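A.B. asks: Sharing a model prediction with you, sequence too.
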2 protein chains.
Amino acid sequence: MRGLMQDWPLLCSKVIDHAANEHPLREVVSRSVEGPMHRTNYREVRGRALKIAQLLEREGYGLGDRIATMAWNTWRHLECWYGIMGIGAIYHTLNPRLFPEQLAWIMNDAEDKLVFVDLTFLPLIEALAPKVASLKKVIVLTDAQHMPETKLPNAVAYEEWLKGADGDFAWKEFDENTAAGMCYTSGTTGNPKGVVYSHRSNVLHSMIAQAPDAMNISSSSRMLPIVPLFHANGWGIALTTPMTGATLVMPGPKMDGASVYQLLTEERVTCTAAVPTVWLMLLQHLEAHGGELPDLERVIIGGSACPRRVIEAFQNRYGAQVVHAWGMTEMSPLGTLCAIKPEYAGLTGDDLLAVEETQGFPPFGVEMKVTDDENRTLPRDGKTFGRLKVRGPAVAKAYYKDQGAELFDDERWFDTGDVAHIDQHGYMKITDRAKDVIKSGGEWISSIEIENVAVGHPDVAEAAVIGLSHPKWDERPLLVCVKREGREPTKEDVLGFLNGKIAKWWMPDDVVFVDEIPHTAAGKIRKTALRDEFRDYVLPTA
Amino acid sequence: MRGLMQDWPLLCSKVIDHAANEHPLREVVSRSVEGPMHRTNYREVRGRALKIAQLLEREGYGLGDRIATMAWNTWRHLECWYGIMGIGAIYHTLNPRLFPEQLAWIMNDAEDKLVFVDLTFLPLIEALAPKVASLKKVIVLTDAQHMPETKLPNAVAYEEWLKGADGDFAWKEFDENTAAGMCYTSGTTGNPKGVVYSHRSNVLHSMIAQAPDAMNISSSSRMLPIVPLFHANGWGIALTTPMTGATLVMPGPKMDGASVYQLLTEERVTCTAAVPTVWLMLLQHLEAHGGELPDLERVIIGGSACPRRVIEAFQNRYGAQVVHAWGMTEMSPLGTLCAIKPEYAGLTGDDLLAVEETQGFPPFGVEMKVTDDENRTLPRDGKTFGRLKVRGPAVAKAYYKDQGAELFDDERWFDTGDVAHIDQHGYMKITDRAKDVIKSGGEWISSIEIENVAVGHPDVAEAAVIGLSHPKWDERPLLVCVKREGREPTKEDVLGFLNGKIAKWWMPDDVVFVDEIPHTAAGKIRKTALRDEFRDYVLPTA
Ligand SMILES: Nc1ncnc2c1ncn2[C@@H]1O[C@H](COP(=O)(O)OP(=O)(O)OP(=O)(O)O)[C@@H](O)[C@H]1O
Ligand SMILES: Nc1ncnc2c1ncn2[C@@H]1O[C@H](COP(=O)(O)OP(=O)(O)OP(=O)(O)O)[C@@H](O)[C@H]1O
Ligand SMILES: [Mg+2]
Ligand SMILES: [Mg+2]
């Protein structure tokens, strides 16, 4: 027997419809690429998205077509997402920080037909266009006045293009499992892999994300997503914010400390989200120039492990709660968030920080477990680590064009490639990437835990640990450090600092100092590159 | 093109699995029917629900079978819901306050095969059983020690029955549109109609309900649902609370002021939900005996319009925020909730109360509009009222056995039978039931608005307005009042009080005083009965 409830497909158009109907005048504020601040609202965003949909359809785009965007977070980028999804086409966010060759490969893999591009990236698209045979048209996200000269045959200024539509259009209807968006992983551990979101997964992900123990967004929130829409599905914020009717504040191209500080204070932001690097820049700016964050209530931090000093600074110095979060492109991307359960409500000081350094627990809609290599579930004891596996309606079941099928097991658990442990109250802590974990004498050493301790040394700016082959132990850790400007730590200093803070047998066999550690486009440490660099290095113990 | 996200059906078993995995030791506290307080947790609730599922399947129950419950809110009732749903059978909550003939009709309509019954209601089930041919078994929610004598041939004590299972069982899997639960409407405007929830609608409803602007429940909440599970799907709380990992506190059979006060304080409840009548009892108790509510943060009030003095008392005297909510059995049941949007954030005093007296706005997942009789959408101006229509994934598309097909239009909008207006910021206010609205000279008079003003008179305990036929105006309002104990208001007093507070042409043509106003099983005014009573009454103006 079936329920007798309405067939109301979970389509992303319903999200912007809801925002426009129930929160029509709530503001969407952006720093424009042209410079000035720009203010609009959900009713207008929807109106312009309808025009986009109308024009796209008129020009022959439709169900299943991949339409790329290479753009900062602005109202125009938001409009494009909803316009594209509204006809059943697929937004494909391009990360402009990838190498041009990677971008060309990705665009060809996705067979993008059209690209919406910000002024900043027009030269990049000009270089890429000849290499992407599927690309028919380029729409530059600006007005006629700011439209630059371009040799591209099919380039048009967005605002001019929009004038061709009256917006008298109705969203297309289709099955909720229809593809809505596409995002390639960051390429930290190898080549980026295409993830394809559906309307259903996007809507469910936002319903998950809005919950009080997750992002906790309401119509009174003023949300600043600094994480770009082109990183890991923009952490879902382009959907979650309109869903809740929150005010949306967007940074455009400026994510430096001063610019972020200006938005946080002038726009009275209550909630914001970005990777640790952005927060380090902001905190540096605040240290140098002073300033308070009186409106800020919550800072969501993820993408890589959040250093303890960032948590401390926000909470103790600026009075904003840090929510440490873990996710992946393959998870739309939210996996876990570190709200405080009643079991930990009484903690203070270092005990509380130790909990807040974990990546937290999954909201309803994400299942997780940690297993050994034989797929046996490991105990939740806060120390036994193993492969982190997940399941859920917003978790990928495959990559585009069927790469990586081995990551999905029979019961549909997805192997995240992360290594983690879970404690008795369900708090998960990432200890490593499976590819980066160091196998010493049959036991695992967590490279991330050593790094986290090492960066606590006052003279160390950045640290990375990799495993080098060792005749007796198979692999042993090498600690690679970048010194802080003007400081001269020695190997002995650093090892002395680690001593007692990590297990004896985890102690690096050597410490080397370098000028720079290689990073990915998303600002993560590129261990593959680092391992290449040190391929021939011989440990003193070897 | 389809998305490449996991097929993760929205089944209710996932909710209790999540609670048991991520919040295993979070408490479920109940006042037992036998008397003492009882404490368990989500892990144990799930374990026992698995035993129920195992036993039900062993005894031949399965997909689509209707299994009734006639029980108070306790851990056992909760276990039954999950046990029943876990094999694809359908929980059918019976409202013990209905007339026995209505109950027999409903049980036969639903063809209930088994009933889980609390000690309180065993005599009622003994009387009903012979009239319900489909009923095969009765399980009494108690242990062997408390099991009373009964002449029922197939009655067994719940705790004894559970001993027959080891719980080594896996939830059944099926399509998410499979029926999960069944609840008949309250029967205020006619005979109760059967509503059939699906797993999908139940899960989505809870994802909607957890949001900050809706019920706002997190793992730190301590939720006391006083609204019975047998009223309007228990307001979804049996699903939303485990979904969020909140502590669940349940009142068992005692909902009087003293008992509720005891739970609120001893169990440090932060959030609670019930109809206005319950709150009037609690406030009376507090007035009479004193007391504070230091832990209480939010009181969700719905089912009928919340009187202003209740809102005032909670907010000004006891420091708890009132969230006025509107819903219906057909909506799983949440429709709108009155959170405060930024547009109204600056209001205080009477201006704020006027907003809080509205039923608020819909969360994402509920669409609403107000139309005239020709289905034209009316403006959101805060005064033009008309038929309130809704759409959403947790809104009924039909009643059981296809009653009332006329309530659903082509575009699948469901006509709620309520009359309302919506203001410029989206706040909806119920002004009447379509069946109760008074048509005077072609214009509508809102009976509820007159009643709301009338109960503000210090000598009036309760008020109801009905339309009586009138030779010139078609219908004119009659105000029926119950005097407060020891008070003797006159018709002139009451009319004088109304004067200036409602439109002149809304002034009742007469006021009559009665000892009692008839109520439904859910405590709502039975206007059908009242109209019968005054059928031959002639207005002085007629
Ligand atoms: N809070 C966090 N702490 C530690 N690591 C994190 C955190 N959040 C995310 N990560 C890491 O980022 C990964 C997800 O990043 P993303 O999807 O952007 O691509 P990537 O894994 O870096 O790249 P690729 O999969 O192409 O190698 C996670 O699997 C995890 O390793
Ligand atoms: N906050 C509220 N203010 C005013 N009325 C409310 C409120 N909440 C609910 N109601 C009324 O209760 C109705 C829903 O109640 P329920 O589903 O229990 O059955 P009923 O409508 O009373 O009975 P029936 O449909 O069988 O006549 C709504 O349609 C509305 O009229
Ligand atoms: Mg990855
Ligand atoms: Mg009704």
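C.D. replies: Noted; the coordinates are in hand. Ligands and ions are numbered 1, 2, ... in the order given.

A.B. asks: closest point of the stretch 51-200 of chain A to ligand 2, which residue?
C.D. replies: Across the stretch 51-200 of chain A, the shortest distance to ligand 2 (Cβ to the nearest ligand atom) belongs to A:Glu176, at 27.8 Å. Heads up, the C-betas are built off the backbone N, CA and C, glycines and all.

A.B. asks: How about the stretch 351-500 of chain A?
C.D. replies: Among the residues of the stretch 351-500 of chain A, A:Phe364 lies closest to ligand 2, at 26.1 Å counting by Cβ to the nearest ligand atom.

A.B. asks: so what's A:Leu388 up against?
C.D. replies: For A:Leu388, the contact set (Cβ atoms under 8 Å, 6 or more residues apart in numbering or on different chains) comprises A:368-370, A:415-416, A:418-420, A:428, A:430.

A.B. asks: Mind telling me what element it is part of?
C.D. replies: Secondary structure assignment for A:Leu388, by DSSP states H and E: strand A:386-391.

A.B. asks: What score does the nearest residue in space to A:Ala305 that is not next to it in sequence have for pLDDT?
C.D. replies: With Cβ to Cβ, 6 or more residues apart in numbering or on different chains as the measure, A:Ile448 is the residue that lies nearest to A:Ala305, at 5.9 Å, once sequence neighbours are left out. The predicted local distance difference test score for A:Ile448 is 90.

A.B. asks: rewinding a little: out of the contacts of A:Leu388, which are inside strands?
C.D. replies: Using DSSP state E, the members of those that fall within strands are A:368-370, A:415-416, A:418-420, A:428, A:430.

A.B. asks: Of those residues, keep whichever come out buried.
C.D. replies: A:368-370, A:415-416, A:418-420, A:428, A:430 (16 or more other Cβ atoms under 10 Å in any protein chain shown).

A.B. asks: Let me have the residues you listed in a markdown table, adding distance to ligand 1 as columns.
C.D. replies: Below are those laid out as a markdown table (distance: Cβ to the nearest ligand atom, whole Å):
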| residue | distance to ligand 1 |
| --- | --- |
| A:Met368 | 12 |
| A:Lys369 | 16 |
| A:Val370 | 14 |
| A:Asp415 | 11 |
| A:Thr416 | 5 |
| A:Asp418 | 5 |
| A:Val419 | 9 |
| A:Ala420 | 9 |
| A:Met428 | 10 |
| A:Ile430 | 4 |
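
A.B. asks: filter those down to the ones near chain B?
C.D. replies: Applying Cβ under 8 Å from any Cβ of the partner chain to those, one finds that nothing falls near chain B.

A.B. asks: from those residues, which is closest to B:Met243?
C.D. replies: A:Met368 (16.0 Å; Cβ to Cβ).

A.B. asks: Quick check: pLDDT value at that closest one.
C.D. replies: The predicted structure scores A:Met368 at 98 on the pLDDT scale.

A.B. asks: next one: A:Thr270
C.D. replies: 98.

A.B. asks: ok, it to A:Leu283 distance?
C.D. replies: A:Thr270 sits 19 Å away from A:Leu283 when distances are taken as Cβ to Cβ, to the nearest Å.

A.B. asks: out of those two, which sits in the more crowded spot?
C.D. replies: Comparing A:Thr270 with A:Leu283 by other Cβ atoms under 10 Å in any protein chain shown, the one with more neighbours is A:Thr270, at 22 against 17.

A.B. asks: I'd like to know the phi and psi angles of the more buried one, please.
C.D. replies: In this entry, A:Thr270 is assigned phi and psi values of phi -100, psi -20 (degrees, to the nearest 10).

A.B. asks: Please report how far it lies from A:Ser218.
C.D. replies: Taken as Cβ to Cβ, the span from A:Thr270 to A:Ser218 is 10 Å.

A.B. asks: need the residues of chain A near ligand 1, please.
C.D. replies: Contacts of chain A with ligand 1, taken as Cβ under 6 Å from any ligand atom, map to A:185-190, A:192, A:232, A:302-305, A:324-329, A:359, A:416-418, A:430, A:433, A:522, A:524.
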